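**Student:** Kindly generate the corresponding structure for this input.
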Amino acid sequence: MKRRETTTLDDVALAAGVSPATVSRCINQPASVRAEKRERIMNAIERLGYVPNGSARALASRKTRMIGAIMPSLDNMLFGGPLEAFQKEIGSAGYTVAVACSEYDLDQERIHVRNFLESQVDGLLLVGARRDPDIYRQIERQGIPYVLTWISSDTRKDHCVGFDNAAAAEQLVEYLVALGHRHFGMISGFIEHNDRAEARYRGVRDALARHGLSVPPDQLLQRPFDPDAGRDAFHLLVSAPNPPTAILCGSEPHAYGALFEAKDMNIDIPGDISVTGFDDMWLASQISPPLTTVRTPRGRMGRQAARHLLAQLRGERLVAPRPIETTLVVRKSTAPPRPISLSADSGFLHAQARTSAKSGS
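**Tutor:** Residues are numbered from 1 along each chain as shown. Down below sits the predicted model:
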């Protein structure tokens, strides 16, 4: 089969009525070319079917125009929004984002980092700051700019574009304590290898300690981030001999599962027990009852992470980013605790007390 003739950069320049250098600038730095010329060039590229030689361009410039992004999960809506905001901002500067998923596995993340470094990406987007120091040494040895999201960390604050997870969790605790709650349970992500989950638990623990309170060890349940895990954990917590009056969920999928399970168990939220989430994903305001939660700045975080990384790529001197503020959003899944009668046999509300409470409402 005869090989098709390749359209060259000179062909595009001739068709657009500009110099080859201007075409090259338009491809590599779109913002540096006037809108009118940029439109002519892009139309010519589209019409002629021109595809830049990425390998040759990378060899000449030592730039691949690729950014590697490693997400803990691609199976829920939590990371999609920030990643889209990041990609749009990065894409406007002429970069393409390549995405990998670590599934919350640090060893898997290490493999993805190595593969991206071997592919000579120009920068990296990572989630969280806790990982083997050797990974950071590899990245910095190659001089690759990187940005860390979803976290505000003192250890690598120059690279962190995120929020204070501990402070956000403290907001929820202070609100629940002010309502009158004194018995707490928590459904958390796995703390050991997840600095975001650990920070949220630390915020809950420290805020409760200021009031002389705590989450009993048997009422801190660590689970994967999915609604089914939230269901199971909620069932265990409310079936305990001395169940909590408020359950803090370290992620919104946990909270959704808790609300689903409460409905199946005929437990009134918030009459029998209050439930909170974390992140304020779109379903939080639509679920029944609407969820009290912390709104995290996910879209803003994605855009700021991209801008911070682009500034590094341009060689600019930068100050450490400030933590982005979170917001407490109060909805109908929380209320002051009411006096309840406990059953040692069932571990939850005595049926007679629950029936009389509901009949009087």
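
**Student:** Just give the number of residues close to Arg322.
**Tutor:** Other residues near Arg322 number 11, with proximity taken as other CB atoms under 10 Å. Yep, even glycine has a C-beta here, placed from its N, CA and C like the rest.

**Student:** From Arg47, how far out is Trp150?
**Tutor:** 43 Å (CB to CB, to the nearest Å).

**Student:** who has more neighbours, those two?
**Tutor:** Trp150 (25 against 12).

**Student:** thought the more buried one was touching Gly128?
**Tutor:** Yes. The pair Trp150 and Gly128 qualifies as a contact (CB atoms under 8 Å) at a distance of 5.9 Å.

**Student:** shared neighbours of these two, anything?
**Tutor:** Common neighbours of Trp150 and Gly128 are listed as Arg196 (criterion: CB atoms under 8 Å, 6 or more residues apart in numbering).

**Student:** can I see the domain layout of this protein?
**Tutor:** Domain assignment for the chain by automatic domain parsing gives 9-52, 65-163+299-324, 165-295+331-360.

**Student:** show me where the stretch 251-361 of the chain has strands.
**Tutor:** 274-276, 293-295, 327-329 (DSSP state E, counting those that start in this stretch).

**Student:** deepest of those strands, which one?
**Tutor:** strand 274-276 (a mean of 27; mean count of other CB atoms under 10 Å).

**Student:** any residues touching it, and which ones?
**Tutor:** 172, 176, 179, 181, 234, 245-249, 255, 258-259, 262, 269, 291-294, 333-335, 337.

**Student:** hang on, the earlier thing: closest one to Gly203 among the strands of the stretch 251-361 of the chain?
**Tutor:** strand 293-295 (10.0 Å; CB to CB).

**Student:** now the domains of the chain in a markdown table, with mean pLDDT?
**Tutor:** A markdown table is the format used below for those (pLDDT from 0 to 100):
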| stretch | mean pLDDT |
| --- | --- |
| domain 9-52 | 86 |
| domain 65-163+299-324 | 92 |
| domain 165-295+331-360 | 89 |
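
**Student:** check contacts around the residue nearest the centre of the chain.
**Tutor:** By CA atoms, centre = their mean, the chain has its centre lying nearest to Phe79, at 4.6 Å. Phe79 makes contact with Met71, Pro72, Ser73, Val127, according to CB under 8 Å, 6+ apart.

**Student:** do that again at 7 Å, thanks
**Tutor:** Phe79 makes contact with Met71, Ser73 under the criterion CB atoms under 7 Å, 6 or more residues apart in numbering.

**Student:** how about the residue nearest to Val51 when sequence neighbours are not counted, what does it touch?
**Tutor:** Nearest non-adjacent residue to Val51, counting by CB to CB, 6 or more residues apart in numbering: Thr7, 7.8 Å away. By CB under 7 Å, 6+ apart, the contact list for Thr7 reads Leu48, Gly49, Tyr50.

**Student:** Same check on Arg47?
**Tutor:** Taking CB under 7 Å, 6+ apart, we find Arg47 in contact with Ala15.

**Student:** Give me the distance between it and Ala15.
**Tutor:** 7 Å.

**Student:** just Arg137 next, same as before
**Tutor:** Counting by CB to CB, the gap from Arg137 to Ala15 is 48 Å.

**Student:** So those two - more neighbours on which side?
**Tutor:** Regarding Arg137 and Ala15, a neighbour count based on other CB under 10 Å identifies Ala15 as having more, with 18 against 10.

**Student:** Quick check: which element contains the closest residue to that one other than its chain neighbours?
**Tutor:** In space, and not counting its chain neighbours, Ala15 is closest to Ala44: 4.0 Å by CB to CB, 6+ apart. When elements are assigned from DSSP states H and E, Ala44 belongs to helix 35-48.

**Student:** where does that helix sit relative to the chain's centre, distance-wise?
**Tutor:** In terms of CA atoms, centre = their mean, to the nearest Å, the centre of helix 35-48 is found 36 Å from the chain centre.

**Student:** Please identify the buried residues of it?
**Tutor:** The neighbour-count check on helix 35-48 (16 or more other CB atoms under 10 Å) flags Lys37, Arg38, Arg40, Ile41, Met42, Ala44, Ile45 as buried.

**Student:** In this structure the last one contacts Val12, no?
**Tutor:** Right, Ile45. Yes. Between Ile45 and Val12 there is a contact under CB atoms under 7 Å: 5.7 Å.

**Student:** Closest one of the contacts of Thr7 to Pro323?
**Tutor:** Proximity of the contacts of Thr7 to Pro323 (CB to CB) peaks at Tyr50, which lies at 44.2 Å.

**Student:** I figured the closest one was touching Ala13, is that so?
**Tutor:** No. Here Tyr50 lies out of contact with Ala13, judged by CB under 7 Å, at a distance of 10.2 Å.

**Student:** Quick check: which helices or strands does the helix or strand hosting Ala15 pack against?
**Tutor:** Element membership of Ala15, judged by DSSP H and E, is helix 9-16. If you count contacts as 3 or more CB pairs under 7 Å, 6 or more residues apart in numbering; DSSP states H and E, helix 9-16 packs onto helix 20-28, helix 35-48.

**Student:** Could I get the full set of helices for the protein?
**Tutor:** 9-16, 20-28, 35-48, 54-61, 80-91, 106-118, 133-141, 165-179, 195-210, 227-238, 252-264, 298-313, 351-359 (DSSP state H).

**Student:** so of those, which one's packed in deepest?
**Tutor:** Ranked by mean neighbours (mean count of other CB under 10 Å), the helices of the chain are led by helix 252-264, with a mean of 23.

**Student:** Extract the CA atoms of that one and return them as CSV.
**Tutor:** The C-alpha trace of helix 252-264 is given here as CSV (Å, rounded to 0.1, in the frame of the first residue of the first chain):
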residue,chain,number,x,y,z
GLU,A,252,-19.9,11.6,50.8
PRO,A,253,-20.3,8.0,49.4
HIS,A,254,-20.2,6.8,53.0
ALA,A,255,-22.9,9.3,53.9
TYR,A,256,-25.1,8.2,51.0
GLY,A,257,-24.8,4.6,52.1
ALA,A,258,-25.7,5.6,55.7
LEU,A,259,-28.9,7.3,54.5
PHE,A,260,-29.9,4.4,52.3
GLU,A,261,-29.4,1.9,55.2
ALA,A,262,-31.3,4.1,57.6
LYS,A,263,-34.3,4.1,55.3
ASP,A,264,-34.1,0.3,55.1
